[in-house]
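Participant: Generate coordinates for the sequence data below:
(one chain, ligands or ions: 2)
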Amino acid sequence: MTRLDGGNIGQPEGVPSGEQYIGRFAPSPSGPLHFGSLVAALGSYLDAHAHQGQWLVRIEDIDTPRVREGADSDILRTLEAYGLHWHGDIMWQSQRLERYQEVTSELSKQGLIYHCQCTRKQIKALGGVYNGHCRDLGLQGQDLALRLRQQHPVFSYQDRLQGHVDIDPIEAQEDYIIKRRDGLFAYQLVVVIDDIDQGITDIVRGADLLIPTARQIGLFEQLAHRAPRYLHLPLAVASPGFKLSKQNYAPAIDQTNPQPALLDALRFLGFQPDKELSQATVEEVITWGIQHYRSEALTQALEVQVSQDSNGQTELLTL
Ligand code: GLU
Ligand code: ZN
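Facilitator: Ligands and ions are numbered 1, 2, ... in the order given. Down below sits the predicted model:
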């Protein structure tokens, strides 16, 4: 494949040259795409394409009480409207319960899983971190949570953008929940199984997952797979300290007029799009983004705040 960038983009640090790059975007269909998720989608798309990689899409519909009907197809339509076309077949977590059960049973056979009856309230009273209370109680029962005995605590890791990330040692060593008491598999388990099964080599996503990533790296080790590289993008906030999210009803981005939000997302990531791009097609904007992509130039810290006017137009405010 020919390089698009004249050769100044190497593989991400530590990627043997010639190794295939496989990235992904993994939205939860709890509502339409908002500006914050557009930033994650665009950042991961550009990183993948700048490395001549593939960009896969996975619908993270494991947390069924939070799934909104039709949100998955709405998200996919939005990605297409923004010129973010994916490779291959989409993966739906809701179709993979057998696979998650298979891995859970395997871990269970190895004696790595136990039932826990602690309530959220009890754990909160302990300061928020589970203290291993049920580890050796040998509890059984349908309506109990399953925890993984933490054999691979990760105390720090290297993020491509954020640099060295330290984890609170108490949190790193916590036996965490892999299946909830309501019977749903936990995100922390399924995301790693999916990343393994999709052959993901590089994850680019929002910094809200900076700390949970350590557990995911530990789980890759537990499952005897090499962890991918990680790059955590700054979060767009609705107001200082509050990330834009479907939970705080961040408005959907416009499907019919994608250019303004797309250019804002580029600016948010630290690009300085040329003036002429405001007249360009979505495809031209995306191509420009791939050509001008340099991971070192991405905005590292939260520097801008996003607001949206009543017409759904995003506005970037410098904090
Ligand atoms: N589904 C998660 C979200 O929408 C992203 C998970 C991930 O990228 O690993 O926030
Ligand atoms: Zn317990």
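
Participant: Near ligand 1, which residues of the stretch 201-319 of the chain? Just list them.
Facilitator: Arg205, Leu209 (Cβ under 6 Å from any ligand atom). All C-beta spots, glycine's among them, are computed from the backbone N, C-alpha and C.

Participant: Ok, the stretch 51-200 of the chain next?
Facilitator: Glu60, Val191.

Participant: Return the residues of the stretch 51-200 of the chain in contact with ligand 2.
Facilitator: Cys116, Cys118, His133, Cys134 (Cβ under 5 Å from the ion).

Participant: now for those, which pair is the farthest apart?
Facilitator: Cys116 and His133 (7.4 Å; Cβ to Cβ).

Participant: residue of the stretch 201-319 of the chain with the smallest distance to ligand 2?
Facilitator: Arg215 (17.7 Å; Cβ to the ion).

Participant: where along the stretch 201-319 of the chain do the helices fall?
Facilitator: Along the stretch 201-319 of the chain, counting by DSSP state H, counting those that start in this stretch, helices occupy 212-222, 259-268, 282-291.

Participant: and the last one with helix 259-268, angle?
Facilitator: By that I understand helix 282-291. If you take axes from the mean of the first three to the mean of the last three Cα atoms, to 10 degrees, helix 282-291 sits at 10 degrees to helix 259-268.

Participant: what packs against helix 282-291?
Facilitator: Counting contacts by 3 or more Cβ pairs under 8 Å, 6 or more residues apart in numbering; DSSP states H and E, helix 282-291 packs against helix 35-50, helix 259-268.

Participant: Name whatever forms a beta bridge with Phe185.
Facilitator: Beta-bridge partners for Phe185, by DSSP bridges, are Lys179.

Participant: can you list the weak-confidence ranges in the stretch 201-319 of the chain?
Facilitator: Counting by pLDDT under 70, the stretch 201-319 of the chain contains low-confidence residues at 238-250, 300-319.

Participant: give me the residue from it nearest ligand 1.
Facilitator: Among all residues of the stretch 201-319 of the chain, Arg205 sits closest to ligand 1, at 3.9 Å; criterion: Cβ to the nearest ligand atom.

Participant: May I ask you to confirm that that residue is in contact with His232?
Facilitator: Yes. Contact between Arg205 and His232 holds when scored by Cβ atoms under 8 Å: they sit 6.5 Å apart.

Participant: how far does stretch 224-237 stretch from start to finish?
Facilitator: End-to-end span of stretch 224-237 (Cα to Cα, to the nearest Å): 37 Å.

Participant: swap that for stretch 20-30, please
Facilitator: 32 Å.

Participant: which stretches of the stretch 1-150 of the chain form helices?
Facilitator: 35-50, 71-81, 97-109, 120-125.

Participant: so does the first one get close to ligand 1?
Facilitator: No. Between helix 35-50 and ligand 1, judged by Cβ under 6 Å from any ligand atom, nothing touches; the nearest distance is 6.5 Å.

Participant: Can you dump the C-alpha atoms of that helix in CSV for me?
Facilitator: This file holds the C-alpha atoms of helix 35-50, laid out as CSV (Å, rounded to 0.1, in the frame of the first residue of the first chain):
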residue,chain,number,x,y,z
PHE,A,35,-19.6,15.5,19.9
GLY,A,36,-17.5,13.6,22.4
SER,A,37,-18.0,10.3,20.7
LEU,A,38,-17.4,11.9,17.3
VAL,A,39,-13.9,13.0,18.6
ALA,A,40,-13.2,9.4,19.7
ALA,A,41,-14.4,8.0,16.4
LEU,A,42,-12.5,10.5,14.3
GLY,A,43,-9.3,10.1,16.4
SER,A,44,-9.3,6.3,16.1
TYR,A,45,-10.2,6.5,12.4
LEU,A,46,-7.3,8.9,11.6
ASP,A,47,-4.8,7.0,13.6
ALA,A,48,-5.7,3.7,11.9
HIS,A,49,-5.6,5.2,8.4
ALA,A,50,-2.4,7.2,9.0
